[in-house]
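# Fold the following for me, if possible:
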Amino acid sequence: QQQWELLDALNRAVPCYKGILDDIKNRGEQWKDWVLGDSPHESPLPASDASPESRDWEASLAPFQRILLIRCFREEKLLFALTQYVRVRMGSHYVEPPPFSLERAMADSSPSTPIVFILSPGSDPMNMLQAFANTNNKVLQYVSLGQGQGENAKRLIETCRKTGDWAMLQNCHLSKTFMPELEIQMGYLLQPGAAVHANFRLWLTSMPTDFFPVFVLQNSIKLTNEAPTGLKANMIRCFNEITDADFEVFTKGEKFTECSKEHAYKKLIYGLCFFHSVVLERKKFGPLGWNVRYEWNDTDFHVSKQWLRLFLEEQAQIPWDSLEYIIGQINYGGRVTDPQDRGTLMTILRIYLNRNILMDGYSFSQSGKYRAPPIGALDTFRSVLQEMSLIDDPEVFGMHENANLRYQLQVSELLMNTVLSIQPRLIGKKGGGPSPEEQVMQKCIDFESSLPTNISKEEAGPTAFTTLPNGLPNSLSTVLSHELVKYNKLLARMRWSLMELQKALKGLTVLSEDLDKMYQSFLNDQVPSLWSAVGYASLKALGSWYREFLQKIHFIRTWVQKGEPNSFWITGFFNPSAFMTGCLQAFARAEGVSVDKLGFSFAVLDLEGDEVVHQPHRGCYIHGIFTDAWRWDKTAKVMVDSLPGEPYATLPVVHFLPEAMHKTPPNFHRIPMYRTTIRAGVISSLGASSNYVLSIEAPTDKDPDYWVLKGAASVIALNA
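Model (predicted):
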């Protein structure tokens, strides 16, 4: 639906696309072949055929106009399409990063021109810069910014500009309060006749941040040196930091029961390197890899390597449990905040830290391409690494082939969001189209005309708000009351803000900062922060968000007027966690069981939401759950892999049945359910994420670790 809406917008607003909707209807198979191809950005568009209505789109659309079709049909290929466009139109040097050169940066700099290192996760230019300073016989003095370091940084600049030494201020992103002073110091350096030594240089490092002084950026040389990506690059970096003394620790005569200590140590060192590289590279898959992006670095690897050596030196047997706990739970797990991520981390570690790794034939993945080499010298291990593929198959991470599609889509979305964030505010009215103000005004009018009225308890039917025979309120009626309050609050905010923005556009009132942000959000098809601040979790664009919002209001209003539905649409709840608690409480009151002893059992039915004709005796039927990185096989009634190109699927109706002292049955896997596909949320004091609802259970004929590595989850709302 979203693809068709984007095409409809092109058809109506851009003359060169006139008639494309009719052409797609008439020649659906040709367009389908192009859309579903492996590389639509490189394939020719459908040409004209014998029918008089057809059109040669390949000849009639310019290269950039083709890219808009890629955005509509295959957004995950957008980055490839734009890269190809820039390479052809502007040259390869705009898409290929130049070699990192401090010498070149130094030649372009001056005492009044600082050099700014824009940091990326895993990169630290400090050692490189110290070596460069020694090569040039310069003294490098530095201050790591943070709380209370502002005065030290100021004195350092003043001292070095007199002596001619190099001054380095590390981590400017950690000292927001010092940034105005940095701007002042920069202004002094640029003053004509300022007392600055000719050899003085100012080096700055900072992560990207919105409070770094623009004045400093405009008058500086910018450098970035991203950490290597890919398993091969990470493995090579790890082994380059291992010396012969680190590698040749044990003599031939030292033995465990299973093998020699030398054999065990070298195999486990390789496994540890592979584990470190895998946990770093999984981050590129976003929430499919980790719910939260953790900043693991080489320190975690080196500390784990030291513990491995210590345990093997002092123990008569390989202490597998101790190694797993120290490395997994403490060294790497110490950074992990999300409980689901901790389970994933330990599952990954057990692949590389188990007895099977001591055997030469043991493989780290199903393909058999990745395994620890036979023991030998350090150079032998390094030569094996050179033969690794530069392209990492998702299967080495235990993931489905759709993981690459998700990664490409995330990169394309980041690109689009970046483009929107730097888009000029003032856009002239050209070609007779509506101005930005007219577009926003029309959206306000459309939203306001279709906005539902508040949901009132006065319109409630006789079965909406009920009490139990013992006088206690029905738990689900209480849930409904809370939902009414939240939705009515959102409706009131939307109604007020739409009215105020229209007044501001007419010049009848001041355009406040909040209304200005709302104006920009409307232009970018984003949900205004004024609405999301009192709204529910959602990643949808404004158009699809509003349509779903109307469906949610209809769901709640129908419940109020006609009573509890036969099957509850889980997406329709403002707070699905409260609904789950209400279900448990309703069962506890009906059965006289303590609510804190209850858990849910789950049964997937062969029904869709609109096919349910009656409510269950206990528990509730729920529909609207989406599977993420798996799907439900209706025939075999088990979890199976997603279909290629379809990372999400819809789960049939699920019976949520409370059960006292519930335990997960054998051959069932616990699947975390989240509100949105981003999965990350605020971690509460109880250790649960605000995005997490609960874990459902489904039968599987595979080991649960298989699905943990896949990143299998379920979500309440998709992005489109």
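# element containing the closest residue to residue 695 other than its chain neighbours?
Nearest residue to residue 695, sequence neighbours excluded (CB to CB, 6 or more residues apart in numbering): residue 670, at 4.3 Å. All C-beta atoms are positioned from the backbone trio N, CA, C, and that covers glycine. Assigned by DSSP states H and E, residue 670 falls within strand 668-674.
# Just give the strands next to that strand in its sheet, each with its orientation.
Strand 668-674 has these partner strands in its sheet, going by DSSP bridges: strand 692-699 (antiparallel), strand 713-715 (parallel).
# distance of the residue nearest to residue 441 when sequence neighbours are not counted from residue 495?
Counting by CB to CB, 6+ apart, residue 505 is the residue found nearest to residue 441 once chain neighbours are left out, at 5.3 Å. Distance of residue 505 to residue 495, computed by CB to CB, to the nearest Å: 16 Å.
# Same question for residue 337.
Distance of residue 337 to residue 495, given as CB to CB: 38 Å.
# thinking again about what came up before, would a markdown table of the strands paired with strand 668-674 with mean pLDDT and distance to residue 583 be doable?
Below are these laid out as a markdown table (pLDDT from 0 to 100; distance: least, CB to CB, whole Å):
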| stretch | mean pLDDT | distance to residue 583 |
| --- | --- | --- |
| strand 692-699 | 96 | 10 |
| strand 713-715 | 97 | 17 |
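# Nearest to residue 20, out of the ones you listed?
For the strands paired with strand 668-674, distance to residue 20 was read as CB to CB. The smallest value, 32.3 Å, belongs to strand 713-715.
# Other residues contacting that closest one?
Residues from elsewhere that reach strand 713-715 (CB atoms under 8 Å, 6 or more residues apart in numbering): 625-629, 648, 651, 671-677, 679, 696.
# just stretch 346-364 next, same as before
258-259, 263-264, 267-268, 271-272, 274-275, 278-279, 282, 318, 320, 323-324, 327-329, 332-333, 369-372, 374, 396, 398, 705, 708-709.
# Could you do stretch 532-539 as well?
With contacts defined as CB under 8 Å, 6+ apart, stretch 532-539 is touched by 486, 489-490, 493, 527, 545, 548, 574-575, 675-678, 681, 691, 717, 719.
# Give the ChimeraX command for selecting the buried subset of those.
Provided next is the ChimeraX selection string for whichever of these are buried by 16 or more other CB atoms under 10 Å:
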select :486,490,493,527,545,548,574,575,675,676,677,681,691,717,719
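# quick one: residue 471 and residue 598, what's the gap?
22 Å.
# now do residue 213
Distance from residue 213 to residue 598, by CB to CB: 56 Å.
# Count the neighbours of residue 106 for me.
The tally of other residues near residue 106 (other CB atoms under 10 Å) stands at 15.
# and the helix or strand harbouring it, how far out from the chain's middle?
Taking DSSP H and E as the definition, residue 106 sits inside helix 102-108. Centre-to-centre, helix 102-108 and its host chain are 36 Å apart (CA atoms, centre = their mean, to the nearest Å).
# Could you name the helices and strands sitting against the lengthiest helix in the chain?
Ordering each helix of the chain by length in residues (DSSP state H) puts helix 475-505 first. Packing partners of helix 475-505 (3 or more CB pairs under 8 Å, 6 or more residues apart in numbering; DSSP states H and E): helix 436-450, helix 513-523, helix 529-532, helix 542-562, helix 576-591.
# So for it, what gets flagged as buried?
Neighbour-count burial for helix 475-505, counted by 16+ other CB under 10 Å, picks out 475-480, 483-484, 486-488, 490-491, 493-495, 497-498, 500-502, 504-505.
# swap in stretch 189-203?
189, 196, 200, 201, 202, 203.
# Report the secondary structure state of the second one.
The one in question is residue 196. Three-state assignment for residue 196 (DSSP: H, G, I helix; E, B strand; the rest coil): coil.
# residues in contact with the closest residue to residue 254 other than its chain neighbours?
Distances taken as CB to CB, 6+ apart place residue 261 nearest to residue 254, at 4.1 Å, with adjacent residues excluded. Taking CB under 8 Å, 6+ apart, we find residue 261 in contact with 250, 254, 255, 312, 313.
# Ok, residue 653 next?
Counting by CB under 8 Å, 6+ apart, residue 653 makes contact with 567, 604, 605, 607, 608, 609, 611, 612, 621, 622, 623.
# now residue 698
Residues in contact with residue 698 (CB under 8 Å, 6+ apart) are 602, 604, 632, 638, 639, 668, 669, 671.
# Filter these down to just the buried residues.
Using 16+ other CB under 10 Å as the burial test, those include 602, 604, 632, 638, 639, 668, 669, 671 as buried.
# Any idea what the second one is bridged to?
Using DSSP bridges, the beta-bridge partners of residue 604 come out as residue 654.
# Wait, it touches residue 639, no?
No - with contacts counted by CB atoms under 8 Å, residue 604 stays clear of residue 639, the gap being 9.8 Å.
# Overlap in contacts, these two.
With CB under 8 Å, 6+ apart, residue 604 and residue 639 have common neighbours 632, 698.
# Spatially central residue (nearest the centroid) of this protein, please.
In the chain, the residue lying closest to the centroid (CA atoms, centre = their mean) is residue 286, at 3.7 Å.
# how much space between the closest residue to that one other than its chain neighbours and residue 481?
Leaving aside its sequence neighbours, residue 286 sits nearest to residue 410 (CB to CB, 6+ apart; 5.0 Å). Distance, residue 410 to residue 481, by CB to CB: 39 Å.
# again with residue 630
Residue 630 sits 36 Å away from residue 481, taking CB to CB as the criterion.
# try residue 167
Separation of residue 167 from residue 481 (CB to CB): 63 Å.
# Ok, residue 463 next?
For residue 463, the distance to residue 481 (CB to CB) stands at 14 Å.
# same check, this time on residue 96
Using CB to CB, residue 96 is found at 60 Å from residue 481.
# same thing with residue 296?
Counting by CB to CB, the separation of residue 296 from residue 481 is 45 Å.
# cool, residue 439 as well?
Residue 439 is 39 Å from residue 481, by CB to CB.
# What of residue 441?
In this view, residue 441 and residue 481 are 37 Å apart by CB to CB.
# likewise residue 378?
Here the criterion is CB to CB. By it, residue 378 lies 68 Å from residue 481.
# So what does residue 622 have for phi and psi?
Main-chain dihedrals, residue 622, degrees, to the nearest 10: phi -130, psi 140.
# least trustworthy helix or strand in this structure by mean pLDDT?
helix 2-13 (a mean of 83; mean pLDDT, DSSP states H and E).
# other SSEs contacting that one?
Helices and strands touching helix 2-13, by 3+ CB pairs under 8 Å, 6+ apart, are helix 20-26, helix 63-73.
# cutoff 10 Å now
Applying 3 or more CB pairs under 10 Å, 6 or more residues apart in numbering; DSSP states H and E, one finds that helix 2-13 makes contact with helix 20-26, helix 63-73, helix 542-562.
# tally of neighbours for residue 356?
10.
# before we move on, what about residue 506?
Residues near residue 506, counting by other CB under 10 Å, number 10.
# Quick check: the gap between it and residue 468.
54 Å.
# out of everything not next to it in sequence, what's closest to residue 568?
Ranked by CB to CB, 6+ apart and with sequence neighbours excluded, the top spatial neighbour of residue 568 is residue 622, at 5.2 Å.
# unless I'm mixing things up, that neighbour is touching residue 607, no?
No - judged on CB atoms under 10 Å, residue 622 makes no contact with residue 607 at a distance of 11.4 Å.
# shared neighbours of those two, which are they?
The contact sets of residue 622 and residue 607 overlap at 567, 653, 654, 655 (CB atoms under 10 Å, 6 or more residues apart in numbering).
# quick one on the thing from earlier: how about CSV for the contacts of residue 698, with pLDDT and distance to residue 74 added?
Converted to CSV, the contacts of residue 698 look like this (pLDDT from 0 to 100; distance: CB to CB, whole Å):
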residue, pLDDT, distance to residue 74
602, 97, 35
604, 97, 32
632, 97, 26
638, 97, 31
639, 97, 28
668, 96, 36
669, 96, 32
671, 97, 29
